[in-house]
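Asker: Here is the input, now give the coordinates:
(2 chains)
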Amino acid sequence: MEKHPDFDPKMHDWITEAGKETPSEAFVDQVMQGILALQRSSFTVRPLISRKSWLWFFGILSGIVGVWYFIPEGEGRSVVSEKWAALKEILPSLSTDLEAWSSASYVYGTLVLLVALVIQFGLIKRTNDKYYKEW
Amino acid sequence: MNTLTDQSFVEKTLAGDTQAYAFLVNRHKDLVYTVALRMMKNREEAEEIAQDTFVKAYQRLASFKGEAKFSTWLYRIAYHASLDALKRNKRMLATEDVEMYGDDMSESSPDVIQQLSDEERRQKIRQAIGQLMPKDAAVITLFYLEEHSIKEVAVALDMSDSQVKVRLHRSRKKLMNLLSQSLAQYF
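Answerer: All right, here's what the predicted structure looks like:
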């Protein structure tokens, strides 16, 4: 030990005699549990399908729907009505239902549901991220 | 396993061996707890701070470059954690002001204290240390108990060498006075 005027051998003996304090028996276990909890909280879940892939997927899907619905074909008939007509030929028994289904309100309803589905994917992802972060 | 240096355990921990860190905790827990207790004056708080110290040290282990001793690095974390807790609780100034006794009494206290039983003497010394200012208690504990040099204490407690020397001198005198005070009944 570095000797200097303040070093007092008697004081050294007393402090040494007073000794160290001992924490509880569970001390080491509690520290290691804290470290384990720390490791868990920093655990991240990597999604199977990346955000970029999802964007591409929904971009392509929106493109197909757009092309299918908005590009007109022939006089006053869009691609969608052509497709419905073809579908009705394949499934004649459902022709009445398909007639109703192809009405404008149903098409808009379907689009709204599609948008809701996309939003739901985002919400599910956020919930999952939060859950795994807490875990 | 006891002969291995702290540095080798640090390297093992960084390589993913959690048990190596458990060994480090076990090796240093008593002194980290002692430093925290002598500053906080409360067992529950000291234990919490000592635990936090080891968890924080684990988090920052990659930044430990081995320039100072691992123990010095740990005490530094414990010391600052204790200071932060004291500041939060606004207890920095809540230490007892020691009534100064005459020099005659201080001079004779070493002889009197030697006459006490081991346990009684240990108790008196611990009580006296418990009444020191938090920073002084940390300085005197690391200097005399852990036998750190002035330089090491200064590094551990973020002080200059001269500040450590001043605190050592002051706490030594104060401790002597406190012991004299508690030994008054034996005079």
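Asker: Please name the nearest non-neighbouring residue to B:Ala50.
Answerer: Counting by CB to CB, 6 or more residues apart in numbering or on different chains, B:Ala50 lies nearest to B:Tyr33, which is 4.3 Å off, once chain neighbours are set aside. C-beta here means a position set from N, CA and C on the backbone, and glycine is covered the same way.
Asker: B:Lys41 now?
Answerer: B:Gly130 (5.7 Å).
Asker: Next SSE downstream of the one helix or strand in chain A whose mean pLDDT sits lowest?
Answerer: Lowest by mean pLDDT, DSSP states H and E among the helices and strands of chain A is helix A:95-101, with a mean of 58. Counting by DSSP states H and E, the next helix or strand C-terminal to helix A:95-101 is helix A:104-134.
Asker: coming back round to it: the residue nearest to B:Lys41 contacts B:Asn42, doesn't it?
Answerer: No: shown here, B:Gly130 and B:Asn42 do not form a contact pair, counting by CB atoms under 8 Å, at 10.1 Å.
Asker: Please list the residues of chain A that sit near chain B.
Answerer: Chain A comes close to chain B at residues A:1-2, A:4-6, A:8, A:10-12, A:14-24, A:27-28, A:30-32, A:34-36, A:38, as judged by CB under 8 Å from any CB of the partner chain.
Asker: give me the low-pLDDT residue ranges for chain A?
Answerer: Chain A contains residues with pLDDT under 70 at A:1-6, A:42-46, A:68-85, A:87-104, A:130-135.
Asker: Please repeat the previous calculation with a cut-off of 80.
Answerer: The model of chain A has pLDDT under 80 over residues A:1-7, A:39-49, A:65-108, A:125-135.
Asker: so who does the residue sitting nearest the centre point of chain B touch?
Answerer: With distances taken as CA atoms, centre = their mean, B:Val35 lies nearest the centre of chain B, 2.9 Å away. For B:Val35, the contacting residues are B:75, B:78-79, B:82, B:138, B:141-142, by CB atoms under 8 Å, 6 or more residues apart in numbering or on different chains.
Asker: Could you rerun that using 7 Å?
Answerer: Applying CB atoms under 7 Å, 6 or more residues apart in numbering or on different chains to B:Val35 gives the contacts B:75, B:78-79, B:138, B:141-142.
Asker: State the number of residues packed around B:Ala138.
Answerer: 27 (other CB atoms under 10 Å in any protein chain shown).
Asker: B:His80 is in contact with that one, correct?
Answerer: No: applying CB atoms under 7 Å as the test, B:Ala138 and B:His80 come out as separate, 10.5 Å apart.
Asker: Could you measure from B:Ala156 over to A:Phe7?
Answerer: In this view, B:Ala156 and A:Phe7 are 18 Å apart by CB to CB, to the nearest Å.
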